[in-house]
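S.K.: Sharing a sequence plus its predicted fold:
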Amino acid sequence: MPSVCSAERREDAGCLNSSSAHGATIFGRRSVEELLSSIGDAGFRCTQLAYTKAVEGVKSYADVTPELVAATNAAVRKSGVSIAVEGTYVELSYADEDKRRAEVAKALSQVPVAKSSP
């Protein structure tokens, strides 16, 4: 199976980490359609997507609804920019067991999101 981020489809294409400070500075927080379109227009064909860092209106993992995932999948098809990594950032080293369990629940809540990506 070829690498998700191979440059076979676009000349000089690469993969952009859209959730990094650099990516957020370039593209800002936008709708998934606007974000993936802009990333594609910049010459990238794949990206890391961290909903809570890069998508407008997403403040927590609870905001990543089935409708948003469907919109993301539609934006992937329309833009030609694939999601190489679905970034879920949690703190699993809390000494407090309740805090740690809450963070584990956040991570687990995103497994179905990752599985539904095209």
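M.R.: Here it is on my side, so go on. Residues are numbered from 1 along each chain as shown.
S.K.: rest of the way, CA atoms for contacts and neighbours
M.R.: Fine.
S.K.: Show me the helices in the chain, by range?
M.R.: Applying DSSP state H to the chain gives helices spanning 21-27, 32-41, 51-54, 66-79, 97-109, 111-115.
S.K.: Can you say which of those is packed in most?
M.R.: The highest average neighbour count among those, using mean count of other C-alpha atoms under 10 Å, belongs to helix 51-54 at a mean of 23.
S.K.: any idea of the pLDDT on the spatially most central residue of the chain?
M.R.: The centre of the chain sits closest to L49, judged by C-alpha atoms, centre = their mean, with a distance of 1.5 Å. Looking at L49, its pLDDT reads 88.
S.K.: Quick check: beta-bridge partners of it?
M.R.: Using DSSP bridges, the beta-bridge partners of L49 come out as E86.
S.K.: do you know how far it is from R29?
M.R.: Between L49 and R29 the computed distance is 11 Å (C-alpha to C-alpha, to the nearest Å).
S.K.: Ok, which of the helices of the chain comes nearest E86?
M.R.: Closest of the helices of the chain to E86 is helix 111-115, at 6.3 Å (criterion: C-alpha to C-alpha).
S.K.: quick one: low-confidence ranges for the chain?
M.R.: Applying pLDDT under 70 to the chain picks out residues 1-25, 118.
S.K.: and if we set it to 80?
M.R.: Along the chain, segments meeting pLDDT under 80 span 1-26, 117-118.
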